[in-house]
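Peer 1: here are the coordinates; sequence isn't available:
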């Protein structure tokens with residue numbers, strides 16, 4: 001929010017500006033259009049005044065901008081008119097604008113920048129989206145307030161009702177004058193509707209509202225009457241228990257309307273905070289919200305009952321709150337409540353510190369999800385087993401598990417080293433002796449081990465024996481065991497010396513038995529890989545991949561997704577919604593974290609994310625495009641993917657294993673080959 005203000009929900013007045021046809025322009029043309037728009041906004045007296053007072057935030061949108069005005073309700077209308085006049089009205093620049101007043105809430109994005117989320121900014125964009133070039137459209141809420149001012153009332157005209165995303169219905173009005181705005185009805189609305197009165201009505205599928213209060217308290221009942229009247233005027237079905245007849249039947253029946261509501265408004269004053277009945281009603285609403293995601297709980301605070309303890313305070317403390325201090329707050333309170341019902345804000349009791357999605361999850365991250373294989377992995381390390389094989393498809397979390405292993409090895413007081421073969425280039429892997437020597441040198445550097453390369457690394461012994469002699473010296477140099485983590489081992493499978501290297505690793509495992517007095521009991525080798533090793537290693541008796549402990553990493557199950565959702569602050573509001581998300585992504589770790597991050601930061605709501613998931617400019621576009629390139633590169637891979645789409649792909653073709661390791665397909669227990677998740681199937685179905 002603005003400097004010095006807390007991150008609480010508050011009413012703001014939002015002006016959205018959009019350049020029509022911007023994407024069809026060249027890069028040079030786009031730059032010229034943005035320069036014109038920026039100049040016109042900067043020249044606006046309303047904007048300049050708000051900026052000087054620290055009462056406006058500017059958010060570029062690529063093809064325009066959003067201006068979030070605080071304190072001055074008229075500022076967005078003045079700014080819109082001044083910008084329209086500066087750009088020549090309808091002619092010079094194809095610009096459309098939308099204005100709405102509603103709740104917004106500040107938050108930091110992943111880069112630490114200020115961002116704004118909430119119904120206020122979302123509805124302003126939806127209002128703008130109905131306009132054509134030259135239109136200045138107003139929501140019913142904003143028009144109702146602006147019409148109270150005599151100088152603006154003649155410039156406001158109703159243009160009809162529009163249905164926005166997710167079924168949200170908006171009463172729309174046009175702001176127009178001799179040299180700004182447009183008289184005609186926007187093309188998306190068709191014929192003009194009958195002339196309705198200016199109203200704040202904006203309703204979607206949520207229309208049942210429960211009002212909770214304690215009778216015979218003042219001013220609680222006055223606030224109740226105001227809210228009940230305005231909610232009914234706005235088309236909501238309102239439940240209020242005006243004359244409770246205390247009985248066993250009443251006690252049973254009171255839960256139904258609360259559990260069936262889309263939103264519950266609790267009027268809370270210092271005296272009602274101690275009410276056990278209000279406590280029961282709020283606990284009922286909260287229990288239902290945990291179960292199904294509804295109702296939204298909206299506490300209206302009479303005065304400032306801060307510091308009051310008790311069950312009611314514990315329930316409402318994390319929630320966005322709405323304060324009423326006197327009748328002068330009635331219009332503001334009504335606007336806030338209508339906005340919050342249309343698009344509830346998330347509780348903000350605890351700021352969830354998010355971290356970038358992609359790559360390995362740090363070992364101390366709160367977003368690392370422990371699976372069944374994690375416990376077995378750590379037990380193997382603690383027992384000092386010789387070989388631990390971590391196998392899993394791309395982006396399933398192998399590197400993250402190895403990071404957990406390095407932390408555990410450190411806690412156990414063991415030496416450890418990490419070799420990521422992805423970091424070795426082709427030149428370094430061209431020569432067998434050069435590769436082995438590089439491998440030994442990287443271990444020596446990580447472990448600060450001094451080795452006499454000139455006398456000990458002798459060509460006459462060959463690469464294998466030289467590496468084994470080095471490793472024996474490294475193990476003998478300290479009493480502490482050594483854990484050697486090898487990541488992205490797949491890169492070695494096609495090297496000409498792969499069989500020799502993996503045969504050497506297998507020999508260290510065997511030496512625990514054949515050389516019991518040797519140092520090999522102090523060595524644990526952890527190998528992370530994705531590809532089926534038997535496709536590349538000819539002599540399986542010399543392979544380390546059929547001995548030792550093998551761990552198969554799998555995608556998150558539903559319960560793990562539910563758990564991870566909680567760590568993100570619960571942006572998916574119910575178990576049923578988690579099932580829906582799981583049905584789309586099937587627990588693919590990267591996609592699941594990406595989805596929860598987008599939901600937690602307010603960039604998407606769940607219906608919008610599900611709707612845009614497989615689209616070219618959707619939330620997963622980069623990931624999906626990379627997958628499409630990978631499966632389209634080779635004709636045999638493309639044909640295999642088409643066979644999976646048709647339900648007839650073989651389970652043991654070489655291409656099958658390639659796609660398994662890439663994380664595109666998976667094999668079910670009955671042998672059928674299917675896509676790793678429904679999102680992949682949907683996306684590839686649309687492109688192949």
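Peer 2: Arrived safely. Bear in mind the structure is a predicted one, so any value in this text is a computation, not a measurement.

Peer 1: hey, let's count contacts and neighbours off CA atoms from now on
Peer 2: Fine.

Peer 1: please tell me how far the spatially closest residue to residue 567 that is not a sequence neighbour sits from residue 361.
Peer 2: Spatial nearest neighbour of residue 567, excluding adjacent residues (Cα to Cα, 6 or more residues apart in numbering): residue 367 at 6.6 Å. Going from residue 367 to residue 361 by Cα to Cα, to the nearest Å gives 8 Å.

Peer 1: helix or strand for residue 170, which one?
Peer 2: Using DSSP states H and E, residue 170 sits in strand 169-175.

Peer 1: that strand packs against which elements?
Peer 2: Applying 3 or more Cα pairs under 8 Å, 6 or more residues apart in numbering; DSSP states H and E, we find strand 169-175 packed against strand 136-139, helix 140-146, strand 156-163, strand 202-203.

Peer 1: in stretch 163-174, what counts as buried?
Peer 2: Applying a neighbour-count criterion of 16 or more other Cα atoms under 10 Å, the buried positions in stretch 163-174 are 163, 168-174.

Peer 1: report the angle between the strand holding residue 170 and strand 156-163.
Peer 2: Calculated by axes from the mean of the first three to the mean of the last three Cα atoms, to 10 degrees, strand 169-175 forms an angle of 150 degrees with strand 156-163.

Peer 1: so what are the sheet partners of strand 169-175 and their directions?
Peer 2: strand 136-139 (antiparallel), strand 156-163 (antiparallel), strand 202-203 (antiparallel) (DSSP bridges).

Peer 1: thinking again about what came up before, looking at the helices and strands packed on strand 169-175, which is closest to residue 377?
Peer 2: strand 202-203 (52.4 Å; Cα to Cα).

Peer 1: past that closest one, which element shows up next along the chain?
Peer 2: Counting by DSSP H and E, what follows strand 202-203 is strand 208-212.

Peer 1: so what's the gap between that next one and the chain middle?
Peer 2: 30 Å (Cα atoms, centre = their mean, to the nearest Å).

Peer 1: tell me the helix or strand right after it.
Peer 2: Per DSSP H and E, strand 208-212 leads on to helix 220-233 as the next helix or strand towards the C-terminus.

Peer 1: farthest pair within the buried residues of stretch 163-174?
Peer 2: Largest separation among these by Cα to Cα: 168 and 174, giving 18.8 Å.

Peer 1: ends of stretch 567-577, what's the gap?
Peer 2: Span of stretch 567-577 from end to end, Cα to Cα: 16 Å.

Peer 1: go on, stretch 551-566?
Peer 2: Distance between the two ends of stretch 551-566: 27 Å, counting by Cα to Cα.

Peer 1: list the buried residues for that stretch?
Peer 2: Those would be 551, 553-556, 558, 561-562, 564-565, for stretch 551-566 by 16+ other Cα under 10 Å.

Peer 1: burial of residue 403, as a residue count?
Peer 2: For residue 403, the count of nearby residues is 19 (other Cα atoms under 10 Å).

Peer 1: which one is it nearest to, not counting chain neighbours?
Peer 2: Leaving aside its sequence neighbours, residue 403 sits nearest to residue 363 (Cα to Cα, 6+ apart; 5.6 Å).

Peer 1: swap in residue 470?
Peer 2: residue 440 (7.0 Å).

Peer 1: and the one you found, what element?
Peer 2: Going by DSSP H and E, residue 440 is in helix 432-447.

Peer 1: mean confidence score for that helix?
Peer 2: Across helix 432-447, pLDDT averages out at 93.

Peer 1: what do you get for stretch 515-533?
Peer 2: Computed over stretch 515-533, the average pLDDT equals 89.

Peer 1: for it, buried residues please.
Peer 2: 519-533.

Peer 1: ok, now stretch 75-94?
Peer 2: 75-87, 89-90, 93-94.

Peer 1: which of these fall in helices?
Peer 2: Judged by DSSP state H, the buried residues of stretch 75-94 include 75-86 as members of helices.

Peer 1: in the protein, which strand is the longest?
Peer 2: strand 95-108 (DSSP state E).

Peer 1: what angle sits between it and helix 75-86?
Peer 2: Per the same axes, to 10 degrees, the angle that strand 95-108 makes with helix 75-86 is 140 degrees.

Peer 1: how far out from the middle of the chain is strand 95-108?
Peer 2: That offset, for strand 95-108, works out to 21 Å (Cα atoms, centre = their mean).

Peer 1: just checking: what are the partner strands of that strand?
Peer 2: Here, using DSSP bridges, strand 95-108 pairs with strand 10-19 (antiparallel), strand 114-117 (antiparallel), strand 136-139 (parallel).

Peer 1: which residues touch the closest residue in space to residue 212 that isn't next to it in sequence?
Peer 2: Nearest residue to residue 212 in three dimensions, chain neighbours excluded: residue 266, at 4.6 Å (Cα to Cα, 6+ apart). Neighbouring residues of residue 266 by Cα atoms under 8 Å, 6 or more residues apart in numbering: 211-213, 282, 297-300.

Peer 1: so residue 266 is in which element?
Peer 2: strand 263-268.

Peer 1: adjacent strands (with direction) for that strand?
Peer 2: Applying DSSP bridges, strand 263-268 is found paired with strand 208-212 (parallel), strand 296-302 (parallel).

Peer 1: picking that back up, switch the buried residues of stretch 163-174 over to TSV; also include distance to residue 402.
Peer 2: Listed next are the buried residues of stretch 163-174 as TSV, based on distance: Cα to Cα, whole Å:
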residue	distance to residue 402
163	50
168	47
169	51
170	52
171	56
172	56
173	59
174	60
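
Peer 1: list the beta-bridge partners for residue 388.
Peer 2: As for beta bridges, residue 388 partners with residue 526, residue 549 under DSSP bridges.

Peer 1: what about it, how many neighbours?
Peer 2: Neighbours of residue 388 (other Cα under 10 Å): 23.

Peer 1: my read: it touches residue 549, true?
Peer 2: Yes: if you go by Cα atoms under 8 Å, residue 388 and residue 549 touch, sitting 4.8 Å apart.

Peer 1: need the overlap of contacts for the two.
Peer 2: residue 380.

Peer 1: of the ones in helices among the buried residues of stretch 75-94, closest to residue 59?
Peer 2: Proximity of those to residue 59 (Cα to Cα) peaks at residue 76, which lies at 14.3 Å.

Peer 1: what is the neighbour count of the closest residue to the closest one other than its chain neighbours?
Peer 2: In space, residue 76 comes closest to residue 15 once its chain neighbours are excluded; the distance is 5.5 Å by Cα to Cα, 6+ apart. Summarising burial for residue 15: neighbours were counted as other Cα under 10 Å, giving 29.

Peer 1: where does the residue nearest to residue 403 land in three-state SS?
Peer 2: coil (DSSP: H, G, I helix; E, B strand; the rest coil).

Peer 1: look up phi and psi at it.
Peer 2: phi -60, psi -30 (degrees, to the nearest 10).

Peer 1: so what's it scoring on pLDDT?
Peer 2: For residue 363, the predicted pLDDT is 88.

Peer 1: on that earlier part again, which elements pack onto the helix holding residue 440?
Peer 2: strand 415-420, helix 462-476.

Peer 1: ok, and what's touching that helix?
Peer 2: By Cα under 8 Å, 6+ apart, the residues outside helix 432-447 that reach it are 415-417, 419, 428-429, 449-451, 462-464, 467, 470-471, 497.

Peer 1: stretch 66-83 too?
Peer 2: 11-17, 40-41, 43-47, 50, 55-60, 97, 99, 101, 121, 136, 146, 180-181.

Peer 1: just how off-centre is it within its chain?
Peer 2: 31 Å.

Peer 1: give the contact list for residue 565.
Peer 2: Taking Cα under 8 Å, 6+ apart as the test, what residue 565 contacts is 571-572, 596.

Peer 1: of all those, which comes closest to residue 642?
Peer 2: residue 596 (30.4 Å).

Peer 1: by contact count, what packs against the host helix or strand of residue 379?
Peer 2: Using DSSP H and E, residue 379 maps to helix 372-383. On a contact count with 3+ Cα pairs under 8 Å, 6+ apart, helix 372-383 meets helix 398-411, strand 549-552.
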